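Undergrad: Any chance you could fold what I've pasted below:
(one chain, ligands or ions: 1)
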Amino acid sequence: MADSKPGLVQCLECGRWFRAIGSHLTRVHGMTARQYREHHDLPAGHKLASDDLREAQSHRTRAMIEDGTLRNDPVTASEAARTAGRGNRTAADLARQADIARSIPRKQLPLGAKRADGRDADRARETQRLRRAGIRTSPGPKITPENIAAARTMWFDLSLSRQEVAARLGVRLSTLYRRFGPRGR
Ligand SMILES: [Zn+2]
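TA: Residues are numbered from 1 along each chain as shown. From the prediction side, this is the model:
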């Protein structure tokens, strides 16, 4: 289709040019602005009217506010500004947003690595993923009140490996870290 005509916007359905295509879309193509943007993969902010028409409309609105036809209500205005664009994102907007999110470099521990708190990085990630999805994860077996003193002694006994302590107590390593903190070096 043609590139651009000053003061006009093109309807991507039929290729005709208009000062504004909003009413044309509903009248001729039976589509809402939203359906049109979705159909042509356009972002939510894609303009459906020429700049000078939009400018003229904004002048008219300002004049109406000045002569009192329109009340300039700051509460309504700020609410409108706050919610502008919410829920109006088209597939094109979401795709662009996902692209941006993907382009942000994430520091991720490699498979099999341990986090600083001793938790297994992959497991921690999986747990996090499940929690975000609203799926409850079990905290794992607990240290019982009866064996807590023994557990503490074992944890800080550096002749035992951390894995050994966890295995003997039947708890996860992460449980021990949560309870007693790091063992020192
Ligand atoms: Zn058209």
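Undergrad: following the helix-or-strand element of the chain with minimal mean pLDDT, which helix or strand comes up?
TA: When the helices and strands of the chain are scored by mean pLDDT, DSSP states H and E, helix 74-83 comes last with a mean of 71. The helix or strand immediately downstream of helix 74-83 is helix 91-103, counting by DSSP states H and E.
Undergrad: what does the next helix or strand after that following helix contact?
TA: The C-terminal neighbour of helix 91-103 among helices and strands, as given by DSSP H and E, is helix 121-132. For helix 121-132, the surrounding residues in contact (Cβ atoms under 8 Å, 6 or more residues apart in numbering) are Gln108, Leu109, Pro110, Leu111, Gly112, Ala113, Lys114, Arg115, Arg136, Thr137. C-beta here means a position set from N, CA and C on the backbone, and glycine is covered the same way.
Undergrad: from the chain's centre, how far out does stretch 155-173 sit?
TA: Mean C-alpha position of stretch 155-173 versus that of the full chain (Cα atoms, centre = their mean, to the nearest Å) differs by 40 Å.
Undergrad: Residues contacting that stretch, please?
TA: Stretch 155-173 is contacted from outside by 118-120, 140-143, 147, 151, 154, 175-176, 179-180, 183-184, using Cβ under 8 Å, 6+ apart.
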